[in-house]
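need a 3D model of the sequence below.
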Amino acid sequence: MTSTEKQDAQHGEFRKFLPDLDTPRFHAIAKNDAYGHAKELLEHHRPPWLYGLYVHWRKLFEEPFKGVTNDGTIRPNLFPIRDEGIPITAIVAAAESITSQLTPSQAAKTTLHIDSPEWRSWSNPEFLLSDKGIRLDTITPALRSSVLALLETTLSPEGYAKAVAAMRINHFLGELVDASKVMNEHSYNFVFFGAPAVERGWGFSFYGHHLCLSVFLYRTQIVVSPWFTGAEPNFVDQGVWKGTRILHVEERLGLCLMQGLSEEEKVKARVFEEMKDGRMEKGRWNHDDQRHLCGAYRDNRVVPYEGIVVATLGDEQKELVRGILGQYLLYLPEKARELKLKDCEDWFGETYFSWIGGYGDEDPFYYRIQSPVVIVEFDHHSGVFLANSEPAKFHIHTLLRTPNAGDYGFALRKQIGGGVEQEYVWEG
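The predicted model follows:
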């Protein structure tokens, strides 16, 4: 059996965990569209655990934006204004194709102020918790094509292909659990922040189940952060998109990195042996994010460094770290990606690699790479729609944050002016 065949067999394990659709939960989601499904949570508080998390999220949203840090203090002067070679003229033209098609009511919901706190109101569950902008599965095909054309023009070819794959896998999951009205290839919202312009800062958010992208653009510079990408399962084994898979490279490189460490290095890197370890402090694990620390609404979280310093590792392990970071920077066009990777390498002396779980070939795991200029997380999850009660390698969540106020292009926006002179508080 080839490595690819072995991987296909491993990820095909998800079919052992297909849920019983003859239950109230799946009856409810089958009959609802996205808005009816959201009503179940927001008005009827079902499921209770997610409603409780949502209430907590909104409390976090009331906090003025500060940014993720390792110790509570923002480090200044980490993100310079620079030329990253972004084709801004083509991107603006693609964006204006969208604005030219919006109705007045759509425009009111879709073009928000550059400093709107709604930058921060994205989330990765399938529930439509923040109904702003336009939703791709409810608009005209021409307008939907224009939104996707903007994504394709802005992201790298590889990054766009990854985003499309995540959307298709979401569609596949919707078919598996008879929830296609809520989870499909186009069940995503899109919103502008600021007016598209060649010389001024602006951006957009594209978000929905298992794919959330925050994009800021200023002249020829780009920030794609925070972003979230997940899949349950992460492999399509039948249908028109059979063979589609994502997040397997990040998985393989992370495991190779951990397995290649010396025994002493493994002990330093491994902060918890179990995926839900009894030694975890309160708040370290939650039902939605599980081991992730920097998910939706965690814009101001203090995440202390832990694990092993990358600069102390051998050349082979450092190269694996570069490979992992390259995958997490894949949404960026080539020149921007190279510059950002160089930024990350410059901080290897203060870059930490940490691990939770086992590190055998079949073991689920979590890892994080964290420095002053980037945080990336990888986590194998238990089932949300599938019935596996323990973390499995076919359900993956990944995310990237830019700490020290780099998310949403905030650090750059403070430098270029035209806003961000005050902290915004959501007032409900």
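
which ones are touching residue 28?
Residues near residue 28 by C-beta atoms under 8 Å, 6 or more residues apart in numbering: 37, 40, 46. C-beta: built from backbone N, CA, C; applies to glycine.

ok, residue 233 next?
Counting by C-beta under 8 Å, 6+ apart, residue 233 touches 11, 14, 169, 172, 173, 386, 394, 395.

quote the end-to-end distance of stretch 398-409.
20 Å (C-alpha to C-alpha, to the nearest Å).

tell me the mean pLDDT for that stretch?
Mean per-residue pLDDT for stretch 398-409: 98.

ok, now stretch 243-253?
pLDDT averaged over stretch 243-253 gives 98.

hmm, who's touching it?
Contacts for stretch 243-253 (C-beta under 8 Å, 6+ apart): 7, 11, 162, 165-166, 168-169, 172, 229-231, 234-236, 320, 323-324, 327-328, 378, 393, 396, 398.

ok, then the element right after the helix or strand harbouring residue 228?
Assigned by DSSP states H and E, residue 228 falls within strand 221-231. Using DSSP H and E, the next helix or strand after strand 221-231 towards the C-terminus is helix 248-259.

mind listing the helices for this structure?
When secondary structure is read from DSSP state H, the chain shows helices at 3-11, 24-31, 34-42, 48-61, 88-99, 104-110, 141-154, 157-176, 248-259, 263-269, 315-328, 334-346, 410-416.

got JSON lines for those, with distance to residue 356 too?
Listed next are those as JSON lines, based on distance: least, C-beta to C-beta, whole Å:
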{"stretch": "helix 3-11", "distance to residue 356": "20"}
{"stretch": "helix 24-31", "distance to residue 356": "29"}
{"stretch": "helix 34-42", "distance to residue 356": "29"}
{"stretch": "helix 48-61", "distance to residue 356": "21"}
{"stretch": "helix 88-99", "distance to residue 356": "38"}
{"stretch": "helix 104-110", "distance to residue 356": "40"}
{"stretch": "helix 141-154", "distance to residue 356": "33"}
{"stretch": "helix 157-176", "distance to residue 356": "24"}
{"stretch": "helix 248-259", "distance to residue 356": "11"}
{"stretch": "helix 263-269", "distance to residue 356": "10"}
{"stretch": "helix 315-328", "distance to residue 356": "16"}
{"stretch": "helix 334-346", "distance to residue 356": "22"}
{"stretch": "helix 410-416", "distance to residue 356": "29"}
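
residue 301: which of the ones you listed is closest?
helix 48-61 (8.7 Å; C-beta to C-beta).

just the angle between that closest one and helix 34-42, please?
Per axes from the mean of the first three to the mean of the last three C-alpha atoms, to 10 degrees, the angle that helix 48-61 makes with helix 34-42 is 90 degrees.
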